[in-house]
Structure formats: structure tokens, C-alpha cells
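# Coordinates only, no sequence provided:
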Ligand SMILES: Nc1ncnc2c1ncn2[C@@H]1O[C@H](COP(=O)(O)OP(=O)(O)OP(=O)(O)O)[C@@H](O)[C@H]1O
Ligand SMILES: Nc1ncnc2c1ncn2[C@@H]1O[C@H](COP(=O)(O)OP(=O)(O)OP(=O)(O)O)[C@@H](O)[C@H]1O
Ligand SMILES: [Mg+2]
Ligand SMILES: [Mg+2]
């Protein structure tokens, strides 16, 4: 055990965004299979709003969270000293989903369409803009509708022609409910950094072993969950509220959601150059969108010394 | 001014009023018979809960009659009420002035005339006269909350007179006033009555007030109300305050006192 | 029962009360001098806004005096007020019954005693007696909104008597009652006064009420109030309703009427 | 000596409603609503994750009622609400009393009272959660805050509207400040205070839900989040209906308390 | 013949406050708040993205004021609120009048009125957006709904509390139903109606913001979302303070309207 030898387990909170969900399978697995305990950690999971969590980690009030890459850069631009120490998603998890009849096969087809997304901020907005720009489209070429988190409903009821969502979630939900859909993955157009384990500079400086223990346990958990999906899904049932109460059909949808999520997990640590490129692409996009105003020190935003 | 029973302003024939309730019915007026002469001033006294207000409400058509008839100058109330001429027949003044707080003094007096859809000029001239008659000049634009109790009651009387009714019903109109204001308002009312030549039926609890004002005092029994005493007041008119100290006044007061207790 | 000016219950010496306002000051009482004999029943009449209530409020120590002195059985009010014995000296009954709506009849009467921190037994026995005295039996647990106006006013008087004060001040206590109830309450009050041997100072607007009840009627002038008339009422006691029709009564009433108009 | 009760009239004239009808009417309303819902469902033919049928919602309710989930979450929200009511109500009463004695301070605070009542908790809840953590504490704080202002305003109004004549009476009886407080001011302010609490109850429910929606792992608001995340719209309906029911029940409980505490008031039965 | 005005007394005894003080007090409050905030900021030493200083917020305000962003969003929210007030208020008045004439229907509706007032808009806003789209419409709908219920309740209470004696007066004058409505019922219900509108205004602001927080691309709620998304807490503060200010102003505008319309009421100046 690299950390906290001959001591009791160290309690720590890992903050997840959103709510308990099968996509967080690795963290449930890490707890149930004892990967965190092996690293000397007693992990409690908490859920909350991403922006709030980033602020708390940045302020040093929390130590670990899972956050989207752009959040790391945007908050660093505002002076929050947050750092990514391990990758969870290999790809940017966002995509555009449309019903077959809308005939949206490539980003260029987005032209002139009514597009729904939660709001003009956050991962879906940034992912969509990346996709649109890859096809040389700008905001005047389509119309964006802020529809909150009602993508599936809005698409089905025909309020919009395409929606922006998580590739592992909305398309699966729609297919399972008998809708034929086309998905444009942002990852196919641009290589952006996805979700990662985030901590703050103070924790890295004060307790590098602690960070290392956490990062490695997370990586191990991701790999195990990816390799043992059925076991992982069973573990999810213990942690995800309401899962047990779903009908068999609905439960199967949730299983599918987890499986498609696994497809974009990063099971082996990424090479530095590769990581750097993803971060730099992200910074480039944010600058273009005006979400940050100056170039940042990319090397400071992530570290690859803890996850291996 | 002498009452002529030949052509009565109001006749009650075998009048009964009952209230039907879930726990049986309550007979409030029982086979009442009397008439009131044109242009006379009649006061009605009786125990609390005896049915005086009920009688007035029946005459003004607010509640239905169970039996018998109410006849105003020869025509039954029900018939008049349907003919819409009704509002020129009976004017009612309640115990409280009952003014609309969002209307000025002027607008409160004009209310019955607006409801009757008179022309604005007609309304203006009538209200003007009434303001003068009741001595309310200078307060035309005041709202009820800016008026004293006495003034408010005067407005209520003016409003009832605005309809120019044949019969004026007053239900303890001065009960809210203090003793001094009460005397003053009584004299005022008498003056107006003499000037306007109306038939007045007024409910009161004050014996001296009844004697001072009226040509005739009716005393009701306990419920179901029946006529217990019908006392003509043969004091000279016009009357002034000194009449209160005359032996005749005192004797009449005493007689009513005895009848009531 | 004959007033003995040797040992007065209340003395006013050169009493003046002014209200200081942003736009100058208002002199309401001006160098008032009179005394009230122990155990006498005195009524105070005067024009509206004349300062009668102000005088009562000054005597009960609710407002400060600008000049002069108020002496209760030999001791100045200010001194008494500080000694906390005050509440056994003066009891006040207002124009409205002023009952606490969340207290039952019984609890309203016991209020002054609770404030004085008497023992529960003592309170119970006193309140019991007062309920009996005022004829309120059977309504001990009623709340004020369940009482008629006359009963509420009776409770207010009982409450003032609960303190067992030497001097009872009444500010138009019957103004809210109708004529008949008013007469009854007056007789009631007289009975209690005779039984309890209190000094009473009562403000009223009703001349006959004043004459009927009191040993002496004081008439105030317009503001600033001064004593305009001090009329002893030498009618025999005990009095009953018939006294109202005696020539003496009528003459006294007439005299007061003249003084007031 | 026995005079008629003063509002014999009034009481006789007020409309009577039999106890049977009093139960039948709300029942009727509920049946009406269900019927409307069923018709809408059958007519619109929307997918179940957009509008579930009453039956689906009922089944979901039974399911989570029987396995204890329902009570697990409901009780948590209830706890937040009750703690919020207690703390917010108490603080508002104490501070309100203080302010009423210091009219200078009251004037200074008045703009905040108006401003804060229009402060959407949903906008500041994240700030509160950042500042005070994501646990029970921040939810109770949000509830307390939502309850605080209406009760405070009502305490101020209630104390201010204590009849001036009763104040005079107490002064003429040489009552001590403490006696004035307990014998006059508190009882006089009670109806308005309870009225504020009643409004506060409703707001407290909303406050708790808002707090939970922003971040939580237990409670009806959390259940709404879960349902929405899993496209389990029936669960969302169960949670929303439960909280409406809870709010209505709490409302009626305070109403009942009010009636008990205020028997001395001619109670307006037709009071909503 | 000229008697004294009835509440000469009352008016003289009511506390007078000079117009100067009336401005100075709120000013004092604001300064107090700013001071408190600054002290908190200096003392707690929290990072600016958790608690910005007054200066930072002011600078941000100036920035977006000058480049037009502020007005762009504020005016949108204002539009939603005003439309919501208009539609919700009007609908509530009309339906309220209808219900008051059909007491049977009113009883049937009563449980919904209580229930719906405790329905957290934040929970149903997504549903409304699904059903009615994400545009201006759904926000105005949310505002209208939040305004609808308090106004409806007040219209019902106002109409019900029309003095019975005045109804009798109108009957004794043989007034037609239309005359009863325009000459008695509407004027009598007006104070309570306007009171409901005043409460509704505050709620409407909250409704608009909730709608915008859930989904929008314009408005103060959107600005809050943007600020939160970009870790620009100063922007969040500007938006929240702007909407509090707007709500307070609207509140006072309705209050002013009320005073103008109700000159005939002895106006309670100390009314919050
Ligand atoms: N609408 C009604 N329904 C049922 N009972 C009624 C109604 N109106 C009056 N009563 C009853 O009829 C009786 C007579 O009442 P009324 O008001 O006519 O008496 P009154 O002589 O005017 O009394 P007071 O002198 O107190 O005014 C009372 O017992 C009263 O309770
Ligand atoms: N607290 C006060 N501040 C200023 N002026 C006052 C105050 N109390 C009374 N006054 C004024 O003092 C005058 C006398 O009032 P007071 O109430 O004593 O008259 P009153 O004789 O009792 O009249 P009424 O017969 O109408 O009761 C009035 O002009 C009144 O406006
Ligand atoms: Mg009557
Ligand atoms: Mg007085």
C-alpha cells in the first residue's frame, strides 16, 4: 500500500456530478471490489452540480471530483487552481442525435435545422460548437433552442429536429424505445479531452501520495468495470437509486446505457503528447467561443504523474 | 299633516313571515294587520329579536312573505317589484349608514339614480338639492371614512330620499350615534319630513325619540310579533325641544315604558 | 351617601394639559380646579372634543400633566403611580368594552388581578363575586365575540371593579348600547355603586342619563375646557324609573340642555 | 339578565355544510382530476415517458411504498421542512419582536424584507450549498430562509396591529413589559403569526424541493431528479404528487392548529 | 352642521415620516448591506469565485450595462413577467368571478387551489417545457400560473367578503346583475384583488427566473446560468441583485397603483 500504511483507512469524498447513474459504474465497483480500500482510502460518493463542485474543489473545500475537461480550463481561467490527474473518458462524450427521418448524416446536414440543447453553456454546448465548426458552420446557419434536460422528449414530440446529448445516453434511450436515430459524435470530428478526475494544486503539493493513491485506484476501477460489465452492472444496482424498481425493459435500457458508456472509457493511461493535444484542442475551441480570453499554461491543467 | 286612513300609504293584511330552517321553522311575524296613513310619521318599538327588521325587510321586498299581503298605495308589493317602478315606492335606511366606501358623498347619494338610469343632468340637480336639504355642502367629494357618524347617516337618508319614494323605512337609523347627535338628527329628520311630505315608518328603541318624532307609535310583542299597543301621539306640530318637558310628553313616555316592561 | 367635601376622593389643582405638536401646541385643559367627594357619583358633560377623555386619561396617569396637580385621597397621582399601589386606586372603563378577544369572560375580569400577581384562590373568589354582582353567571367561559354589547360592557365594569379601586372612571361607557339597554345598564351601575361604595366619575353625552345617575353634574366648556356649570342633583335615593317623570328631574334636564346649547 | 348572544344572527345565516359533503367534495375533485388525466392520456397518445397513465403512476407508487423507498425519501424531505419551519419560524418571531421594539431598525430592514421575499431560492440555493455544504444543513437553511421572511413580516404586522386601546388598558393597569408581552402582544399577534406560518409551510416545501433538486441524495426532490435521469416519468409524477399532498396536509395541519389556538376568533369557515 | 372629521384623532396620532427620511432609510439599508458584504469579504478571504467583493460586482455591472448585455437580458425577463402578470391576472379575475357565482364548482376546486399553490414550479417547469416548447411561451405560461393562483384566491376572498348589507342595498334598489357587478362587486373586490396582484408580482419574478434557469437563451435567469457555467460569480451576483431590484420596483409600482386606486381607503402607511 503506497499510502497510509498501518493506519486506518483515510476517509475521502469523491464528488460526482449529476445523480446516481449506471455511467458511474467504475466508482461503485471501486468501492465494492475494495480497490479504494486497497489504496488506503475510505471513499464516500457525493453528487451535485458540476459548477458548484468545481468551485468547491478550487476553493480547497473538497479534494476530488469527476469533471469535464472544459470545466478545468474555464475555471482555471477564472483563477481556480484545479488540475486533472486521471482520464476517465477517452473521447468527448457528446453528440448530436436526430431521428432517421430528419436525415442528418454529417455535421454539414445541421445547416438550417432546429437544434435543441440544455443551454448555451456546459459540455453539450461546447461539444456541439466543436462539431459545427468542423463543418464550417456558424451560429447563423442553424437555430439553437435551450430546452433544458428534455432532449429525448423534445425530439420525440417534434419540437426540434436534432438534440445535443451524451452519446452513451440519449441515443440508447431513443433506440430502446423504438426510434431510429442517427448520431453525430463530436469525437469523430475533433479530439477533445473528456471527463477526468480533478483535484486542486494544494492537495497535489501537500499530499502527492494521497493523490496518487486516488488516481490509481480510479484507473484500476475503470479497467475492472470495463472488463467485467455484467458484474459492474450488478454492483450498480446497489448504488443507483430506483434501478431495482425499473421494469425489466427499462432495466435493460440502463444496461445498454452502461455498455455504450464503457465504449468511451479510457482503460489505459494516455500518453502525454496525446493528452496534451486533447487539452490544446479544447483550449483552442474555448478561445474561439470566447469562453476563455487568453491562452493558459496547458501543462498546469493536467498531470500524468499520478495515474501510472 | 293629519293622517287620513281613507287612503293609506301602507296596508298589511294578515301578514305572516316564517323562516324555514333545517331544525324546523321560525315564525317571526304572525297575522299582522294594520295600516299607515299617507304622510304620517309612525314609529315602531318592540323587544329585540321581535321581528321589526323582518317587517321592514318584507315591506321593501327583500324577503318573501309566507302569508298575507303588503299593499303600498293600493298595489301589492310583489306586483310593484316586478314592474320595476318599485324603487320609487320604498326607500330604506339601515341601522348602519351602509355607504359604499369607494364612492364620494355625492356619488353615494346618486347611486339609486344611476341604477335607475336617469340622465346625468337630472341626477346632478336632484343630488344637489339633497345635499342642500341635508346640510352636507362642502363635503361632496369626501369619502365615507372622512365623515363623522352623524354625517354618514345623513348621507344614507339623502340616498333613500334620492329615489323620491312614497314610503321611507328607517331601521334604527340613529343607533350608532351618541345621545346629543341623536337628538339633533331626530330634529333634522322631522324637518325633512315636514318639507318633503313623505310617509315614514321608523324602528327605534328610544321611547322619547319615538314620542318626540311621531304621529303614532306601534308597540310589538315578543316573537311572533303582534301589535300590542297602537298609541296616537297628539302633540302639536311643529314641535321643538320644549315639548319634551310637557306633562303630555311625559305621560306618553310613561305609558310606553309600562307597555314595554 | 351624602358627599363630604372634607375628605375628597379626587382633587384637581390648577390642572392644565397641552399636547405638543409639530405645528404648535394644543391646550386642551386649562387651569381646572374642582374636587369630588368620597363615594359620590359625578357625571361630566361637554361638547365633543372638549377634553373630557383627556381629563380622565390624565387622572388615570396615561398622559402627563403640563401644569397643576391631580390628588387622589391626599396623594398626588405621580407619586402613587410610582409606588405600584396605583392600580388599586383608579379603575377605568372605556367607551368600548375593550376586552381581550382571546380571553374568556372570566379571564377578562381576572386580568387586573393576574397583573397584580394575586394568589389564584384570591383571584377566583374575587372574580366569582364580581360575576355574581354583574349578573354574568353562566357565561364565564364565553369569549367576547359571543357576548352582546351590554354584557361586554358589564364585563368591562367588572374588570375595573376587580382592582377594587377607590375611584372609578367611566368614559361614555354606554355609548355603544341602544337606548333600552342603556337605561338598564345605568340602573345596574347605580345598584353596584350603592352596594360597593365607590367614588364614580363618568363622562356621558346623555343629559337624562347624567341626571338620573349622579349626585352632581359637571358641564365643560369648549376647548380649552373649563368648568361651565356645577349642578348638584338633589333627587332622592334610591331612585327608580319614575323619578324620570318628576318635575324636578325635568327641570334639571332642561337646565342642562340650556347650558349645553 | 340573559341577553341574546350577539351573533346568533350571523351564525344562523352562515352557510352550513354537512360533514359528509366536506369529504365528498375533495373526493369529487380528485376523481375529476383523475378522469381528466386519463382522458388526456388516451387522447394524446403520448409515449409513457412523457405522460404516464394514472394506472402506471399508481403501480409505481405501490411499488416504492411497499419496498420502503417512498417513506425513506418522504420522511427526509419532511424532516427538512419541519426543521426549517421550526428554526425559521422561531428566528422570525424573536427577531420580529426585537425589530418591532426598535422601529428605527425596522425601517432600515424594510427594503430587505421586500427584496428578499422576491429572491428566488432556486437562484441562490447553489450559492448556499457552496457556502454551507451539501448536507441536511443547507436544505434546512433554505427552508428556514423561505419560512423566515413571511413569518417575520407577519410578526411585525401582527405586533403593530395590536389594538392601541388594549395597550392603554395594560398601561392603566401598570403592567410590566413582560406582562405586556405575554398577556397582550403575543396573543394578539398569534393569528397573524400563525397565518404567516401557514404561508411559510407551503414555501418551506418548495424550499426543500429546490434545495434537493440542486443537490442531494435523499428526499422527494432527489427522487424527481432520479426519475428524470432514468426517463421514469411515473416516478417523477409519484414524487410531485406526494409533495403536493404533503404540502396540502401540512397546510391543513397548521390551519387546524390555528383554529384550535384561535377558538376565540369568529372563525371564518369559508377561509381557504 | 359641520361636524369634526371622524378620524381626526387617528390621523394625528399616526407616526409621521418626513420625505427626506423616506429616502434616507433605504439608502442607509443599502450602505449597511454593502458594508456588511465588504467586511465579510475581507474577513473570510474566500476566493472571488465563491464570494466576490462589492467592487468586482460593480465593475461587472458597469461592463455589461455599457455593452448592452444587461438591458438585453433584463428587458426579456421583464417582458415575460409583465405578460405573465397580464395573462395570469386577467384569467384569474375572470375565472374567479365565474367560480364565485358557482359555489359548487368553487368547492370542487378548493383542494386544487391549495395544492397548486404549493406546487414547486421548479419541479414542473421541465414538464411544461416538454408540453409547451422552450420559447417565450412556456416562460410566460409559468409566470401566468404563478400569478394565477394567488390572484384567483384573492378574487374569491374579495368577492366573498363584499359586505352583505351592500348586497341588500343593491337588491333593495332593484339593481341589475350587471349593475351589481360594476357598481358593487368589482369595486369591493378591488383592494384584495390588487393585494393578490402585488403578491403575484413577486411570484411572477420567481416564476420567470425558474423558467429561465431550466431552459433559456436570454433573460436574467440565463445570465445566472452563464455566470455559474463560466465560474463568473460576479455575473451571478449582478443578475441576482438586478432581479431583486426589479422585483422590488415592480412591487412598489403595484403598491403605488393600489394607493391611487384606493384613495377611499384609510391607507395604512406602515404597510410593508
Ligand atoms: N334570514 C333569517 N333567517 C333565519 N332567521 C332570521 C333571519 N332574519 C331574522 N331571523 C330571526 O328572526 C327573528 C327576528 O329578527 P329581527 O331582526 O326582525 O328582530 P328585530 O325586532 O329587528 O330585533 P332588534 O331589535 O334586535 O333589531 C330573530 O329571532 C332572528 O334570529
Ligand atoms: N394624544 C393626543 N395628541 C394630540 N391631540 C390630542 C390627543 N388626544 C386628544 N387630543 C385632542 O384633544 C382634544 C380633546 O380631546 P378629548 O378626546 O379629550 O375630547 P372629548 O371631550 O373626550 O370629546 P368626545 O366627546 O368627542 O369624546 C381634541 O381636539 C383632540 O383632537
Ligand atoms: Mg332589527
Ligand atoms: Mg371622549
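Thanks, I have the structure now. Just so it is clear, the model here is predicted, and its values are computed rather than measured. Ligands and ions are numbered 1, 2, ... in the order given.

# list the contacts for whichever residue of the stretch 51-200 of chain B sits closest to chain C?
Residue nearest to chain C within the stretch 51-200 of chain B (Cβ to the nearest Cβ): residue B:179, separated by 3.5 Å. Where you see a C-beta, it was placed from the backbone N, CA and C, and this is true even at glycine. By Cβ atoms under 8 Å, 6 or more residues apart in numbering or on different chains, the contact set of residue B:179 is C:204-207, C:209.

# can you pull the pLDDT of it?
If you check residue B:179, the pLDDT there is 72.

# now swap in residue D:2 and tell me
Looking at residue D:2, its pLDDT is 32.

# what does residue A:4 give?
Per-residue pLDDT puts residue A:4 at 50.

# what does the one 5 residues further on give?
Predicted confidence (pLDDT) at residue A:9: the value is 89.

# where exactly do the strands run in chain A?
Along chain A, counting by DSSP state E, strands occupy A:10-17, A:41-48, A:64-68, A:82-87, A:94-99, A:114-117, A:143-146, A:162-166, A:181-185, A:195-200.

# With distance to ligand 2 as extra columns, can I get the ones you listed in TSV?
Converted to TSV, those look like this (distance: least, Cβ to the nearest ligand atom, whole Å):
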stretch	distance to ligand 2
strand A:10-17	65
strand A:41-48	60
strand A:64-68	67
strand A:82-87	67
strand A:94-99	74
strand A:114-117	68
strand A:143-146	62
strand A:162-166	71
strand A:181-185	80
strand A:195-200	67
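
# Quick check: residue D:47 is in a strand.
No - secondary structure of residue D:47 (DSSP: H, G, I helix; E, B strand; the rest coil): coil, not part of a strand.

# residues contacting it?
Residue D:47 is in contact with A:156, A:177, counting by Cβ under 8 Å, 6+ apart.

# Residue B:30 too?
Counting by Cβ under 8 Å, 6+ apart, residue B:30 has contacts B:16, B:224-226.

# at 10 Å what do you get?
B:14-18, B:51, B:66-68, B:221, B:223-226 (Cβ atoms under 10 Å, 6 or more residues apart in numbering or on different chains).

# and which of the residues you listed is nearest to residue A:14?
Using Cβ to Cβ, residue B:18 is the member of the contacts of residue B:30 that lies nearest residue A:14, at 81.4 Å.

# Ligand 1 versus the closest one, what's the distance?
Note on residue B:18: its distance to ligand 1, by Cβ to the nearest ligand atom, to the nearest Å, is 9 Å.

# Wait, that residue touches residue B:223, no?
No - look at residue B:18 against residue B:223 with Cβ atoms under 10 Å: they stay out of range, at 11.0 Å.

# which neighbours do those two share?
Residues touching both residue B:18 and residue B:223 (Cβ under 10 Å, 6+ apart): B:26-30, B:54.

# quick one, which of the strands of chain A is nearest to chain D?
Among the strands of chain A, the nearest to chain D by Cβ to the nearest Cβ is strand A:41-48 (3.8 Å).

# picking up where we left off before, of the strands of chain A, which is nearest residue D:262?
Of all those, strand A:41-48 sits nearest to residue D:262, with 43.1 Å by Cβ to Cβ.

# could you check whether the closest one is close to chain E?
No - judged by Cβ under 10 Å from any Cβ of the partner chain, strand A:41-48 stays clear of chain E, getting no closer than 12.4 Å.

# That strand: which residues count as buried?
A:41, A:43, A:45-48 (16 or more other Cβ atoms under 10 Å in any protein chain shown).

# can you list the residues of the stretch 1-150 of chain D near chain A?
Neighbours of chain A within the stretch 1-150 of chain D, by Cβ under 10 Å from any Cβ: D:46-51, D:56, D:59-60, D:63-64, D:67, D:69, D:72-73, D:125-127, D:129-131, D:133-135.

# Low-confidence stretches in the chain?
No chain in the question, so chain A it is. A:1-7 (pLDDT under 70).

# look at chain D instead
Within chain D, the ranges that satisfy pLDDT under 70 run D:1-19, D:22, D:117-118, D:265-272.
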